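# fold the following for me, if possible:
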Amino acid sequence: MIDIIDHEEGSEPQGKSKGGKARAAKMTPEERKAAAVKMAEAKKELAKLPEVAYGSPDTPLRIGDLEIQCYVLSDGTRVLSQRGIATGLGWSGSAAGDRLLNLVGGDRVKPFFNNELMPVIENPLKFKNPSGGGIAHGYPATLLADICDALLAARKAGTLQKQQEHMAERAEILVRGFARVGIVALIDEVTGYQRDRKRDALAAILEKYIAKEMRPWLKTFQLEFFEELCRVWGYSMPEKPGAYPPVFAHVIRNIVYDRLAPGVRSQLQDIKKKRGGKMHQWLTGNAGYNDLTRHLGELTMLLRVTPDGQKDQFLQNLDKFKPIYTVEQLIDAANSKQ
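Now for the predicted structure:
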């Protein structure tokens, strides 16, 4: 989810500390105790909230002449600043929440909004203010696209008031600048999260598949696999065990190790070169080796139903059945399921 935050939320005005001491002096012991409990609860709530992990006020999202501050939270949530959405729509001040409620609830624009938007606006998300000092509130950033769509639809229907027309003009600029499906990528790029997300995703894959110590050798590539591979590739089984055509080294990298997970094959090759052993001996005993043996069984079945000498047919079916994925494709697939 992508969200919108307000930098001003939770900031302390000058002189408040002094005024707070004066008020505390006038409190009864019971009132001071209640205030202390409330403050402790507020601190406890603040400690549980996610922080801004990527982005800063100096790296805004630029769309035409508009600038919208954007961030990624520590839990991976993308955010746009609440002040940014207000500025983007031509509003002054920082009371974007109230303005959004008035806009969504207004008769001139309301018919063009999804009914699910009101609960989202009425119940903003909470997280730590990136400027410090308290809790910030956010909204799904797809909300910005929904607002733009509604404003443009209302303008087309002729229901906007004259003082609302400038918002429709801003909405048109924003819509031209990004598509709803592209805003996540825009924020990831400008905050630097895209680079680190790829790195972290690859690290997680390698942690899952690559063992820290070489495992004992086990017979992993069964004879039937090579028999079927020779038949489909148009070779006779060699009389000498293991004397398979040299091309099979490339074939096995392609159909076996490249299909396990991104980066696994190159990592296994590097480890084998430096520390010896077979590539499969450096797979973890749970996910890595289990996935390999399962994959080899599936490959053998697919080879078995492929006619003699029809390697191209086999590779086409394999690409459909188990394609080679990049880290970016796995990340995008995971995002599409959220």
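# find the nearest non-adjacent residue to K278, please.
W217 (6.5 Å; C-beta to C-beta, 6 or more residues apart in numbering). Bear in mind the C-beta positions are built from the backbone N, C-alpha and C, glycine included.
# count the residues that sit near that neighbour.
10 (other C-beta atoms under 10 Å).
# is it in contact with G276, as I believe?
No. Using C-beta atoms under 8 Å, W217 is not in contact with G276, being 11.3 Å away.
# what segments of this structure are strands?
2-5, 52-54, 61-63, 66-68, 70-73, 78-81, 125-128, 135-140 (DSSP state E).
# in JSON lines, list those along with distance to K43, mean pLDDT and mean neighbour count.
Shown next, in JSON lines, are the strands of the chain (distance: least, C-beta to C-beta, whole Å; pLDDT from 0 to 100; neighbours: other C-beta atoms under 10 Å):
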{"stretch": "strand 2-5", "distance to K43": "20", "mean pLDDT": "48", "mean neighbour count": "27"}
{"stretch": "strand 52-54", "distance to K43": "19", "mean pLDDT": "82", "mean neighbour count": "20"}
{"stretch": "strand 61-63", "distance to K43": "32", "mean pLDDT": "79", "mean neighbour count": "18"}
{"stretch": "strand 66-68", "distance to K43": "30", "mean pLDDT": "79", "mean neighbour count": "19"}
{"stretch": "strand 70-73", "distance to K43": "19", "mean pLDDT": "82", "mean neighbour count": "26"}
{"stretch": "strand 78-81", "distance to K43": "22", "mean pLDDT": "82", "mean neighbour count": "28"}
{"stretch": "strand 125-128", "distance to K43": "12", "mean pLDDT": "79", "mean neighbour count": "21"}
{"stretch": "strand 135-140", "distance to K43": "11", "mean pLDDT": "76", "mean neighbour count": "22"}
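# let's have those strands in CSV, adding distance to I205.
Output for the strands of the chain, formatted as CSV (distance: least, C-beta to C-beta, whole Å):
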stretch, distance to I205
strand 2-5, 25
strand 52-54, 21
strand 61-63, 29
strand 66-68, 33
strand 70-73, 21
strand 78-81, 22
strand 125-128, 28
strand 135-140, 29
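# compare these and give me the one nearest K33.
Nearest to K33 among the strands of the chain is strand 135-140; the distance by C-beta to C-beta comes to 23.0 Å.
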